[in-house]
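A.B. asks: predicted coordinates and the sequence they were generated for:
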Amino acid sequence: MSDNEKRALNEDELQELVAASDSGARAVPGKVGLFIAALALVWSIFQVLLASPWAPYILPSDAINNARQIHLAFAIFLSAMAYPLFRSAPRHKVPWYDWILAIGGAALALYGYFFYDKIVQAGGLADETDAIAALAGLALLFIAAYRTLGPVMVILALVFLAYVFFGSGELVPDSIQWAGASLRKAMSHMWITSEGVFGIALGVSTKFVFLFVLFGALLDKAGAGNYFIKMAFGALGHLRGGPAKAAVVGSAATGLISGSSIANVVTTGTFTIPLMKRVGFSSEKAGSVEVASSVNGQIMPPVMGAAAFLMVEYVGISYVEVITHAFLPAVISYIALIYIVHLEAVKNNMPTLGDKVVSTGRTIGGMFAFFAGFAILCYATQFPVRLIVDLVPTGSGWILAALLGLVYLGLIYLASTVPDLEPDDPNSEQVELPHIPSIYKSGLYYLLPIIVLVYFLMIERKSPGLSAFWATFLMFAILLTQRSLKAMFRGEDNAVSKLRDGVLDLVSGLIAGARNMIGIGLATATAGIIVGTVSLTGIGQVMADFVEFLSGGNLILMLIFVAILSLILGMGLPTTANYIVVSSLMVAVVVELGAQSGLVVPLIAVHLFVFYFGIMADVTPPVGLASFAAAAVSGGDAIRTGFTAFFYSLRTVALPFVFIFNTDLLLIDVTWVQGVVVFVVATVGILIFTAATMGWFLTKNRIWETVAMLLIAFALFRPGFFMDMVQPPYHDIEPAAFEQAVGDAAPGRDLRVVISGPDFDTLEMKDLTVVLTVPDVEGAQARLDEWGILLMPEGDRMIMDEPMFGTELSDKLSSFDFYGENPVEITAVRAPADQMPKELMFIPALALMALIAFLQSRRATAARPREGALA
């Protein structure tokens with residue numbers, strides 16, 4: 001490859017790269033450009049009003065009921081305006097065919113809105129006119145998805161749609177054949193009802209995702225991104241490998257702002273990558289650090305990617321629960337990445353930037369104090385709020401708004417006492433690291449909307465949409481007033497004219513938020529076709545049987561297949577669409593196979609597993625878009641950057657496998673004390689795993705040390721694996737004694753019951769493990785009734801009748817045939833045995849780690865005099 005091909009892109013070229021990926025490569029001047037901007041502005045305003053508590057009083061009921069159709073209409077129309085259909089298509093004007101596609105696509109997306117009464121009266125069943133309109137709508141949706149997302153998403157949707165129509169054909173293997181659907185039935189399912197295109201995924205995009213994307217766009221427009229990067233560099237830039245460490249922390253912070261890993265790479269990478277190269281990182285390694293940290297921004301609570309909101313609907317839990325489960329893996333993943341950077345710097349003896357001398361311990365302590373203080377502040381906000389609500393229940397909202405305004409004015413006044421932050425030039429000859437005491441005042445008010453968001457989400461437990469609305473509403477006030485208020489406090493004469501600049505900033509942010517949503521809206525709509533196919537045809541069960549056959553019933557192999565599928569699909573799908581497709585097809589399969597293997601896998605664990613590997617697709621070659629963006633900034637080789645970034649992201653690859661088998665990492669059913677212990681142990685474990693994969697701890701690892709550290713990390717993450725070898729976790733109970741065991745068990749105890757019988761669809765024998773928690777009622781029969789279990793003992797066998805409808809087991813055992821020749825029976829019962837605490841395994845693991853540390857410290861000490869002599 002020539003030097004010219006490896007040159008780093010300039011700022012304009014980088015912004016064009018981001019635009020082409022996230023908001024459209026076409027920039028149209030003149031009246032048409034103003035029309036497109038106005039349309040994007042209207043879309044943002046509509047979505048803000050829709051999420052507001054005043055929506056029923058402002059918007060027509062028809063608009064609220066058909067919000068998904070309106071959402072998709074905007075997305076299709078703007079995609080035709082912003083994304084060229086062909087590479088040779090004009091970039092500065094909208095050709096005539098795009099106008100036709102835009103108007104036609106938007107009109108057909110609104111078909112359900114225009115003919116709402118007719119569809120309701122028909123019960124959602126399409127007539128011939130509806131079917132033709134729906135088919136045309138699908139065609140225009142595919143064109144919009146192609147121009148915005150690329151061909152893979154369209155091809156995948158077409159394959160599934162073809163299965164709907166031709167799944168009964170002779171060319172289709174018998175194992176996956178189904179009865180087939182008529183055009184009217186298929187189009188009813190895909191376009192007219194809320195099962196396909198206008199299903200859950202598009203609904204989540206409409207209700208939640210738009211507001212969070214808009215919130216990030218407004219926060220970025222206000223200048224928060226530059227503030228977070230400056231603060232990170234001020235705190236970490238002076239350390240060895242400081243620019244890389246600052247890139248990690250800065251990217252974690254800008255993950256609040258940008259839902260796009262590519263935009264995150266370019267936003268922080270244009271500053272961090274040149275400085276990383278300056279202290280000794282190669283182009284590829286500098287780009288890889290930025291990729292690994294930027295991509296992980298999507299898994300960092302409290303604002304995660306769009307997939308997190310889909311989990312709320314798919315898993316049936318609150319958003320607070322989703323981010324609670326995702327918190328620990330995300331935090332320790334970032335801690336490990338900082339450690340990776342540190343080891344790279346130590347291995348290569350990299351220099352530091354600037355002349356600031358601060359101990360690493362004090363720096364880490366200061367950062368911990370900041371994040372802990374921020375968390376405490378978010379939590380403590382509830383107490384004065386509740387006091388005011390109790391004292392003034394009717395007017396508390398206005399009082400709280402006034403107090404928030406006073407706090408904002410105070411923080412703006414602090415910001416006015418220091419100069420506004422300007423982006424630094426990372427290529428300047430003299431690099432001056434930001435001085436935290438001088439700059440922190442300039443952006444403290446950026447934390448207010450984040451505190452408001454966290455407060456409504458975590459304390460008030462409001463819906464994600466309403467929480468994002470109030471945070472976005474505060475961003476409106478900040479963008480409108482920050483410039484003029486600073487000018488007023490500084491005694492400048494242009495305070496009034498600055499208000500106009502604030503209006504322009506707000507409008508620009510609203511337009512940017514809408515353009516950033518085009519791809520997500522179309523991805524969720526197109527993925528709805530795949531979800532609709534699964535629900536219409538039952539292909540999900542066929543896929544389950546097929547994958548189970550490939551994996552041989554082995555859960556580890558199944559998880560590897562799911563991970564590979566996510567990575568392959570991620571080469572051509574955005575993260576959100578990838579998550580929808582893989583979770584629709586594979587999540588239930590993993591849960592079922594886990595149950596058959598005797599492992600009860602929580603649904604949220606499998607969804608997070610799919611999510612993690614979905615975001616990894618942005619890293620991995622040959623189509624890792626974030627890696628290509630980083631290479632464009634660094635001037636390095638894109639493929640080598642991708643492989644290095646994947647190596648740096650091994651902890652992100654390993655963690656999903658770990659939390660499937662150790663759900664403590666997801667803080668499932670743990671107390672506060674247990675949660676703290678899990679956090680400490682998991683952090684130590686991930687650092688040891690990182691040192692093993694990097695081949696360096698205190699000095700270069702020997703092979704046996706690397707292997708030992710991997711085993712130590714495994715023991716810390718899953719101590720129960722080794723404890724089970726020492727003491728069995730369960731003792732077996734004869735199936736015939738099941739009823740007596742139920743009566744003797746203490747309330748709250750878990751019994752693991754293996755149920756065997758014929759499958760309802762295939763009639764083949766299968767096993768299923770269920771965990772039954774003994775209810776707090778007296779008597780064996782009362783407890784069995786609570787579960788819905790009907791027993792029919794036959795000698796040594798414990799035959800089961802079909803569970804009572806509506807009870808705990810009725811859904812879990814619905815896949816069994818209770819009326820066939822072979823009965824359904826309990827074949828094994830296991831009760832928890834008295835076992836030593838699994839945490840005792842930490843003692844030998846940490847003792848072995850101490851031995852490795854001792855040996856390495858001796859080698860490192862012995863090597864220093866030789867290095868001095870050579871110097």
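C.D. replies: Looks like it came in fine. Numbers count the residues shown, from 1 in each chain.
A.B. asks: per-residue pLDDT, residue 795?
C.D. replies: Looking at residue 795, its pLDDT is 85.
A.B. asks: how is the protein divided into domains?
C.D. replies: 11-202, 730-833 (automatic domain parsing).
A.B. asks: save those domains as a markdown table, and put in distance to residue 619 and mean neighbour count too.
C.D. replies: In short, each C-beta sits where N, CA and C put it, glycine included. Below are the domains of the chain laid out as a markdown table (distance: least, CB to CB, whole Å; neighbours: other CB atoms under 10 Å):
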| stretch | distance to residue 619 | mean neighbour count |
| --- | --- | --- |
| domain 11-202 | 15 | 18 |
| domain 730-833 | 35 | 16 |
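A.B. asks: these: which one's closest to residue 712?
C.D. replies: Proximity to residue 712, assessed across these by CB to CB, is greatest for domain 730-833 (26.3 Å).
A.B. asks: now do the same end-to-end measure for that closest one.
C.D. replies: The straight-line separation of the ends of domain 730-833 (CA to CA, to the nearest Å) is 5 Å.
A.B. asks: lowest confidence element among the helices and strands of the chain?
C.D. replies: Ranking every helix and strand in the chain by mean pLDDT, DSSP states H and E puts helix 11-18 at the bottom, with a mean of 59.
A.B. asks: how about the domains of the chain in a markdown table, adding distance to residue 456?
C.D. replies: As requested, the domains of the chain are arranged in a markdown table below (distance: least, CB to CB, whole Å):
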| stretch | distance to residue 456 |
| --- | --- |
| domain 11-202 | 12 |
| domain 730-833 | 33 |
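A.B. asks: quick one: which of those is nearest residue 862?
C.D. replies: domain 11-202 (47.2 Å).
A.B. asks: residue 398: which of the domains of the chain is closest?
C.D. replies: domain 11-202 (14.5 Å).
A.B. asks: and the average pLDDT for stretch 398-414 is what?
C.D. replies: 93.
A.B. asks: stretch 348-364 too?
C.D. replies: Rounded mean pLDDT across stretch 348-364 is 66.
A.B. asks: ditto for stretch 188-208
C.D. replies: 89.
A.B. asks: same check, this time on stretch 40-52
C.D. replies: 95.
A.B. asks: please report how far residue 817 lies from residue 799.
C.D. replies: 14 Å (CB to CB, to the nearest Å).
A.B. asks: shared neighbours of these two, anything?
C.D. replies: Common neighbours of residue 817 and residue 799, counting by CB atoms under 8 Å, 6 or more residues apart in numbering, are residue 824.
A.B. asks: can you tell me the SS state at the closest residue to residue 752 other than its chain neighbours?
C.D. replies: Once flanking residues are discounted, residue 752 sits nearest to residue 830: 4.3 Å by CB to CB, 6 or more residues apart in numbering. Secondary structure of residue 830, reduced to three states by DSSP: H, G, I helix; E, B strand; the rest coil: strand.
A.B. asks: any idea what residue 830 is bridged to?
C.D. replies: On the basis of DSSP bridges, residue 830 is bridged to residue 732, residue 752.
A.B. asks: give me the distance between it and residue 247.
C.D. replies: 49 Å.
A.B. asks: one more: residue 620?
C.D. replies: Taking CB to CB, one finds residue 620 at 20 Å from residue 247.
A.B. asks: and if you look at residue 518?
C.D. replies: 28 Å.
A.B. asks: check residue 27 too.
C.D. replies: In terms of CB to CB, residue 27 sits 29 Å off from residue 247.
A.B. asks: residue 763: what's it in contact with?
C.D. replies: By CB under 8 Å, 6+ apart, the neighbours of residue 763 are 817, 820.
A.B. asks: can you give me the pLDDT of it?
C.D. replies: Residue 763 is given a pLDDT of 81.
A.B. asks: I'd assumed residue 674 was in contact with residue 664.
C.D. replies: Yes. With contacts counted by CB atoms under 8 Å, residue 664 reaches residue 674, the gap being 7.2 Å.
A.B. asks: of the two, who's got more company?
C.D. replies: residue 664 (22 against 13; other CB atoms under 10 Å).
A.B. asks: got the contact list for the more buried one?
C.D. replies: 670, 674, 678.
A.B. asks: need those in JSON lines with secondary structure, distance to residue 101 and pLDDT, can you?
C.D. replies: Listed next are these as JSON lines, based on DSSP: H, G, I helix; E, B strand; the rest coil; distance: CB to CB, whole Å; pLDDT from 0 to 100:
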{"residue": "670", "secondary structure": "coil", "distance to residue 101": "52", "pLDDT": "84"}
{"residue": "674", "secondary structure": "helix", "distance to residue 101": "56", "pLDDT": "86"}
{"residue": "678", "secondary structure": "helix", "distance to residue 101": "52", "pLDDT": "90"}
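A.B. asks: does the nearest residue to residue 780 once chain neighbours are set aside count as helix, strand or coil?
C.D. replies: The shortest distance from residue 780 to any non-neighbouring residue, by CB to CB, 6+ apart, is to residue 743 (3.2 Å). Three-state assignment for residue 743 (three-state DSSP): helix.
A.B. asks: ok, residue 743 - contacts?
C.D. replies: By CB under 8 Å, 6+ apart, residue 743 lies in contact with 779-780, 783.
A.B. asks: nearest to residue 502, out of the domains of the chain?
C.D. replies: For residue 502, the closest of these is domain 11-202, at 15.6 Å, according to CB to CB.
A.B. asks: show me where this structure has its strands.
C.D. replies: 730-733, 750-758, 765-773, 790-794, 797-801, 824-832 (DSSP state E).
A.B. asks: so what touches the first one?
C.D. replies: Counting by CB under 8 Å, 6+ apart, the neighbours of strand 730-733 from elsewhere in the structure are 741, 752, 828-833.
A.B. asks: identify, from these, the entry nearest to residue 682.
C.D. replies: residue 832 (23.9 Å).
A.B. asks: isn't that closest one up against residue 727?
C.D. replies: No. Counting by CB under 8 Å, residue 832 does not reach residue 727; the two are 11.4 Å apart.
A.B. asks: okay, and the common contacts of these two?
C.D. replies: By CB under 8 Å, 6+ apart, no residue touches both residue 832 and residue 727.
A.B. asks: who are the neighbours in contact with residue 415?
C.D. replies: By CB under 8 Å, 6+ apart, the neighbours of residue 415 are 441-445, 482, 486.
A.B. asks: how about a cut-off of 7 Å?
C.D. replies: 441-443, 445, 486 (CB atoms under 7 Å, 6 or more residues apart in numbering).
A.B. asks: now, which of those residues sits nearest residue 144?
C.D. replies: When these are compared against residue 144 (criterion: CB to CB), the nearest one is residue 443, at 38.1 Å.
A.B. asks: the residue lying closest to that closest one once chain neighbours are set aside: how many residues sit nearby?
C.D. replies: Nearest non-adjacent residue to residue 443, counting by CB to CB, 6+ apart: residue 227, 3.4 Å away. When neighbours are defined as other CB under 10 Å, residue 227 has 23 of them.
A.B. asks: also residue 264?
C.D. replies: Counted with other CB under 10 Å, residue 264 comes out at 30.
A.B. asks: where does it land on pLDDT?
C.D. replies: 71.
A.B. asks: also residue 753?
C.D. replies: pLDDT for residue 753: 89.
A.B. asks: contacting residues for it?
C.D. replies: 770, 772, 826, 829.
A.B. asks: how about JSON lines for these, with distance to residue 863 added?
C.D. replies: Supplementary listing: the contacts of residue 753 in JSON lines, determined by distance: CB to CB, whole Å:
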{"residue": "770", "distance to residue 863": "57"}
{"residue": "772", "distance to residue 863": "59"}
{"residue": "826", "distance to residue 863": "63"}
{"residue": "829", "distance to residue 863": "59"}
